[in-house]
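J.: I would like to see how this sequence folds:
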Amino acid sequence: MNTFNEPRAAELSGPVTSAINIDQLYREHHKHVKFFVMRYVRSNEDAEDVTQATFMEASRCAGGFSGLSKPSTWLFGIALNMARSHLRQRLSREDNLDINDFAEILPATNADPARLCEARDLMRKSLVMLSKMSQDMQDTFEAVIESGMTYELAAHSLDVPVGTVRSRLARIRSQIRDLKPE
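T.: Take a look at the predicted model:
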């Protein structure tokens, strides 16, 4: 029985090792992560920097990986956060950037109020509709739409064929198109 005063085995053996092999993740996903990041930062040099920072952060946080998702899903979540952080920093440094480039991150403060209300209404209805869908549909939406993965990466992450990802997204898009603002 382990008491509070006795060191745990992990403390005796040094740092906790992760079930994640960062080298393998790098070999398998570096190119995909860079393409994913490129969708946000739109500069090859920045994409390479953010991709490198993503793997550094993944290496730093590997011990905290809970195993509740696939390592690749976890990695792309880190990449998304790093890309968003990069854009926020860039936006704060440069006053002449086009705000439309940052629609994923910042609300357009100069948009037409009627269009903003309509967009919020459609977003609310879409989220309600999505919350009523199966977990498989929600996971597909999250992988491709929210995380920005390619269909191929999403299929790999969800362990389904690419055609399944395509058909799920087609159904989701069709249902969203049918929604009408109030």
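J.: Residue ranges of each domain in the protein, please.
T.: 18-109, 111-177 (automatic domain parsing).
J.: Dump those into TSV; add mean pLDDT and mean neighbour count as well.
T.: In short, each C-beta sits where N, CA and C put it, glycine included. Shown next, in TSV, are the domains of the chain (pLDDT from 0 to 100; neighbours: other CB atoms under 10 Å):
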stretch	mean pLDDT	mean neighbour count
domain 18-109	78	15
domain 111-177	82	15
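J.: what sits against Ile22?
T.: Phe55, Ala58, Ser59, Ala62 (CB atoms under 8 Å, 6 or more residues apart in numbering).
J.: can you tell me the helix or strand for the third one?
T.: Just to be clear, that refers to Ser59. helix 44-61 (DSSP states H and E).
J.: Report all helices and strands that that helix contacts.
T.: The contact analysis (3 or more CB pairs under 8 Å, 6 or more residues apart in numbering; DSSP states H and E) places helix 44-61 against helix 22-41, helix 71-93.
J.: mind checking the end-to-end distance for stretch 125-142?
T.: Terminal residues of stretch 125-142 are spaced 16 Å apart (CA to CA, to the nearest Å).
J.: Roughly how far does the one residue sitting closest to the centre of the chain sit from Gln138?
T.: For the chain, the residue nearest the mean C-alpha position is Ser147 (3.2 Å; CA atoms, centre = their mean). Separation of Ser147 from Gln138 (CB to CB, to the nearest Å): 12 Å.
J.: sorry, back to before: so the residue nearest to the centre of the chain sits right up against Trp74, yeah?
T.: No - Ser147 is not in contact with Trp74 according to CB atoms under 8 Å; the separation is 10.8 Å.
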